[in-house]
Structures are given as structure tokens and as C-alpha cells.
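Participant: how would this look folded up:
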Amino acid sequence: MGTFRDPKGRLYRDGDRILRDIYPDDAASVLEWLSSPPAQRWIEQRRLVPTQILASEPGQPALLEHERIFFPSFPWEWTPGQWKDAASLTLDLCEESIEHGLILKDATPLNILFSGPNPIFVDVLSFEPRDPRSPLWIAYAQFIRTFLLPLCAFVHLGWPLSATLQRRDGYEPADLAPFLSRLSRWRSPLRSLVTLPMLLEKRVRGEARRPEVSEELSTFALKRLLRSTRKMLHALAPSVRASRWSDYTRTAAHYKSTDHDAKQAFVRGALERIRPTNVLDVGANTGVYSRIAAETGANVVAWDTDVHAADLNWQAARTSGLSILPLVADFARPTPALGWQNRECAGLLDRAKGRFDCVLMLGVLHHLLVTDQIPMDAIVEQLRQISNRWVIIEWIPKEDSQFDELCRGREQLYGHLIEQNFLQALSTKFAVRSRDQLPNGRTLWLAEAID
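Facilitator: Next comes the predicted model:
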């Protein structure tokens with residue numbers, strides 16, 4: 001995984017290290033920028049990725065080493081709240097850089113990773129000296145295409161943010177316009193994001209020329225542009241409504257308070273016993289067990305297919321300051337590798353392989369077995385590839401109401417899904433260390449990998 005598109009340098013991975021070459025013509029200016037007060041302040045605040053200069057000989061390429069973000073994610077895996085937070089960070093850094101004679105030359109979500117619930121800007125080559133007399137932000141159109149128009153399509157048209165997986169440079173106004181009503185096109189912020197840009201495109205274009213104004217007016221115009229852009233970002237708030245799974249923990253009729261209490265006690269006790277450093281919570285929902293894992297000291301990555309549930313998990317992690325990274329991700333249909341030769345953006349499972357000390361799979365196994373029809377031994381094999389040591393897994397018997405609901409009258413197809421066969425499959429890769437049965441008949445298992 002790496003990058004090669006920036007004319008100033010390239011990013012690549014060497015084992016567990018993230019390195020960046022800066023080509024000789026730009027090395028001095030980039031190193032000067034990295035040593036500047038704003039860059040050092042942003043690094044200290046963890047808004048800019050911590051970076052170490054390894055080599056800086058005059059006339060030679062410079063070599064940087066960046067802190068490795070534990071679990072890199074991509075915009076098409078983010079929740080709406082994460083998307084907006086990443087956009088806000090981009091605007092913040094652009095606005096603050098203006099005071100120091102700099103500006104962002106590009107503005108895309110691909111410049112952002114999440115460290116826990118917090119966005120961090122990782123492309124140190126995106127900052128460049130600005131023309132003090134130019135009132136233009138050249139990256140503005142890219143910010144609109146890659147940040148605001150996808151959010152606009154999500155909020156007003158219901159298009160999933162994950163659809164941007166195939167839109168590296170975002171959306172054009174013309175992509176959205178045919179699907180918007182005439183009235184909505186003239187409402188804010190659609191008027192500024194879709195309608196007016198399309199009308200302006202129809203003008204006869206003359207020779208492109210950058211306007212020049214006084215330095216004072218240039219700074220004023222740029223800051224005003226950023227304020228108006230931030231206003232449009234804030235206006236793109238999705239309607240708050242429960243999804244199918246976002247209220248599951250509270251409304252699940254097959255779970256009584258005694259079941260919840262017993263399940264949480266088992267999970268907390270197991271985590272306190274094994275003390276994992278990195279935990280993956282598969283099917284995390286709104287993050288009840290993600291938070292338990294984080295409270296025991298673990299760094300948590302939480303996958304769920306429900307966008308709203310994952311967003312609630314992210315909001316809770318952001319508020320509490322817990323080290324939890326919620327992502328919209330599907331264990332059964334993982335994000336594929338993307339980019340040139342499938343080597344620019346690693347697939348979800350490649351990023352997860354061998355990265356976690358413990359995997360939680362609570363209330364999700366029956367979905368994989370019945371809805372996705374994945375064989376038991378294949379699920380156990382995949383768990384072993386992801387977990388270096390531990391799994392905490394919940395088994396749902398056929399008599400459970402949720403199991404019955406998933407079968408939809410096809411119970412005869414799943415007669416083999418009994419606890420004995422589950423244990424047999426699990427035991428090929430893991431040794432059971434403890435088991436507990438909940439009052440509702442479900443069982444919880446702590447198992448350790450077999451070498």
C-alpha cells in the first residue's frame with residue numbers, strides 16, 4: 001500500500017514502518033514547513049501525523065518516517081459523523097495555514113485517517129506557500145466534489161457514502177441534479193453546491209487567469225470562502241431517525257435485563273483476565289461491548305453494517321474519549337482492495353490480518369451462518385487469520401427466536417447448526433478456556449488460538 005501520484009514524493013510501507021521520500025527539488029521547502037510552528041503545534045495536538053526526519057542531505061531526496069496509524073480506514077468505510085469531522089479538520093488546517101503564508105493544494109478525504117475516533121491529517125505534502133495576492137483556494141472545487149457533494153447525496157438523496165468507493169475524485173453537480181426536485185435545487189445548500197455551479201458551467205469560457213488583489217483583501221476573501229464552506233458543511237446534517245439495528249440493544253425482546261447483565265459481566269471479566277492490547281468488535285452495533293473493551297485498556301476497532309448504529313458508536317467514543325474506531329464494514333462482504341493494480345488501498349481483511357489480540361463476535365455468528373450462508377469452519381478460519389490469540393464468541397441455539405426469524409421457514413436447511421458442531425469447528429483453531437450460559441439459553445465462549 002502506498003502512493004505515487006504526488007509530484008513532490010512518494011509514500012510506501014517498509015515492514016511496520018511508514019516512510020515517505022521527498023524528491024530533491026521540494027525537499028528543503030517541505031522540511032522547512034515541517035519544522036514550522038504551525039506544523040509542530042498540529043503534530044502535538046495530533047491533528048497532523050507525527051513525523052520524524054530520517055535523512056535530509058542537500059541536493060538529495062529527504063526521507064521521512066510517519067507514525068503508523070494502527071488501523072487505516074478509507075472514506076467509504078466512515079460514518080456520516082466521521083465524514084463531517086474529517087471535512088471540518090481539513091477546513092481548520094487550511095484556515096490556520098493562511099496565517100502562516102501557506103495553503104492546502106489539495107483537499108480530499110483520502111488525506112485523512114482516523115486514530116481512534118479522531119481524524120488526523122496524514123499528507124504533509126499537501127501544504128504549500130500561497131500567492132499572498134491571490135484570493136483563490138485552488139483545492140476548493142476538489143473539497144466540494146469529494147467532501148460536500150457525497151454528503152449532499154447522502155442527506156438529500158439517500159445515496160450511501162460507501163458508493164464513493166468507485167468515485168476517487170468525488171461527484172460533479174451534474175451527477176446529483178437529475179435526481180433533485182426543482183424546488184430542492186434552489187434551497188440552501190443545494191443552490192450553492194449543485195444549481196449555481198451548473199449554470200456557471202454554461203458560460204463561454206475565456207482564458208483562465210488568476211485574479212490579483214491586495215494581500216489584505218486576499219486573506220479576507222479566503223477566510224470568507226472558508227466560513228461559507230463551513231456553513232454549507234454544517235447544513236448537511238442527516239435527519240435523526242432510528243435504523244433497523246440502531247435501537248437493537250434497548251428493544252431486543254429476546255434479551256431481558258438479566259441476560260444483558262450476565263453477558264456484559266462475562267465479556268468484561270474475560271477482557272480483564274486476558275488484557276488484550278488491540279480488539280476487533282465484529283457486529284459492534286452501537287458499541288456497548290466496544291466501550292467495555294476500551295474501558296479495560298484496549299484499542300478497539302468496531303465493524304458494523306448499519307450506518308446509523310456505527311455513527312452512534314462513533315459519537316459515543318468521541319464524547320467519552322475512548323480509543324474506539326467504528327467503521328461501516330461487513331465481515332461477510334469486506335471492502336476490496338482498490339486503486340492502480342489494486343495496490344493503492346488495501347482490502348479490509350488484509351488490513352485486519354494478524355492485527356488483533358482478541359476478536360469479539362457477539363450476536364453475529366447466526367447471521368453469518370444463516371443469512372450469509374457461510375460454513376462454520378470458514379468463519380473459524382477467518383477468525384484465526386485476524387486474531388493473534390483470543391476470541392470471545394456468542395453461540396445462538398436453533399431454539400432462539402432470532403435464529404428462527406432468520407430461517408424464515410427453512411429450518412430443515414440448518415439442522416446441522418448445533419452447539420456440538422460449533423464446538424467441533426471452533427476447536428480446530430482455538431482451545432476453549434471458559435463458557436457461560438445466559439438465562440435465555442445463549443452461550444458465551446472465551447477461546448485461545450492453537451499454534
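Participant: how many neighbouring residues does Phe147 have?
Facilitator: Phe147: 27 surrounding residues under other Cβ atoms under 10 Å. Heads up, the C-betas are built off the backbone N, CA and C, glycines and all.
Participant: swap in Leu325?
Facilitator: Leu325 is flanked by 27 other residues according to other Cβ under 10 Å.
Participant: quick check, it in a strand?
Facilitator: Yes. Judged by DSSP: H, G, I helix; E, B strand; the rest coil, Leu325 forms part of a strand.
Participant: quick one, grab the pLDDT at it.
Facilitator: At Leu325, the pLDDT value in this model is 98.
Participant: check contacts around Asp436.
Facilitator: Taking Cβ atoms under 8 Å, 6 or more residues apart in numbering, we find Asp436 in contact with 262, 266, 443-444.
Participant: considering the residues you listed, which possesses the most neighbours?
Facilitator: Neighbour-wise, the contacts of Asp436 (other Cβ under 10 Å) top out at Phe266, 22 neighbours.
Participant: check which helix or strand it maps to.
Facilitator: helix 257-274 (DSSP states H and E).
Participant: any idea which residue sits dead centre in the protein?
Facilitator: The C-alpha lying nearest the average C-alpha coordinate of the chain belongs to Trp78 (Cα atoms, centre = their mean; 3.8 Å).
Participant: show me the contacts for that one.
Facilitator: Counting by Cβ under 8 Å, 6+ apart, the residues that Trp78 touches are 86, 109, 114, 161, 327-328.
Participant: can you pick the most crowded of these?
Facilitator: Neighbour-wise, those (other Cβ under 10 Å) top out at Val328, 25 neighbours.
Participant: that one reaches Ala163, doesn't it?
Facilitator: No. The criterion here is Cβ atoms under 8 Å, and Val328 misses it with Ala163 at 11.7 Å.
Participant: just name the closest of the contacts of Asp436 to Thr428, please.
Facilitator: When those are ranked by distance to Thr428 (Cβ to Cβ), Thr443 comes first, at 18.4 Å.
Participant: so how far is Gln402 from the closest one?
Facilitator: To Gln402, Thr443 is 14 Å away according to Cβ to Cβ, to the nearest Å.
Participant: follow-up on the earlier one: ok, the residue nearest to the centre of the chain to Phe154 distance?
Facilitator: Using Cβ to Cβ, we find Trp78 at a distance of 11 Å from Phe154.
Participant: then Asn440?
Facilitator: Using Cβ to Cβ, Asn440 is found at 37 Å from Phe154.
Participant: ok, Ala425 next?
Facilitator: Distance of Ala425 to Phe154, given as Cβ to Cβ: 39 Å.
Participant: looking at these two, which is more packed in?
Facilitator: Comparing Ala425 with Phe154 by other Cβ under 10 Å, the one with more neighbours is Phe154, at 20 against 17.
Participant: just the CA atoms of stretch 384-403, as PDB, please.
Facilitator: The C-alpha trace of stretch 384-403 is given here as PDB (Å, rounded to 0.1, in the frame of the first residue of the first chain):
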ATOM      1  CA  ARG A 384      -7.900 -17.300  13.200                       C
ATOM      2  CA  GLN A 385      -6.400 -15.200  10.400                       C
ATOM      3  CA  ILE A 386      -7.500 -12.000  12.200                       C
ATOM      4  CA  SER A 387      -6.900 -12.900  15.800                       C
ATOM      5  CA  ASN A 388      -3.400 -13.500  17.100                       C
ATOM      6  CA  ARG A 389      -4.700 -15.100  20.200                       C
ATOM      7  CA  TRP A 390      -8.200 -14.700  21.700                       C
ATOM      8  CA  VAL A 391     -11.800 -14.800  20.500                       C
ATOM      9  CA  ILE A 392     -15.000 -14.100  22.600                       C
ATOM     10  CA  ILE A 393     -17.900 -15.500  20.700                       C
ATOM     11  CA  GLU A 394     -21.600 -15.900  21.300                       C
ATOM     12  CA  TRP A 395     -23.500 -19.100  20.200                       C
ATOM     13  CA  ILE A 396     -27.200 -18.800  19.400                       C
ATOM     14  CA  PRO A 397     -29.100 -22.100  19.600                       C
ATOM     15  CA  LYS A 398     -31.700 -23.000  17.000                       C
ATOM     16  CA  GLU A 399     -34.500 -22.600  19.600                       C
ATOM     17  CA  ASP A 400     -33.700 -18.900  19.900                       C
ATOM     18  CA  SER A 401     -36.400 -16.600  18.400                       C
ATOM     19  CA  GLN A 402     -33.800 -14.600  16.400                       C
ATOM     20  CA  PHE A 403     -32.500 -17.800  14.800                       C
END
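Participant: residues of it that come out buried?
Facilitator: The neighbour-count check on stretch 384-403 (16 or more other Cβ atoms under 10 Å) flags 384, 386-388, 390-398, 400, 402-403 as buried.
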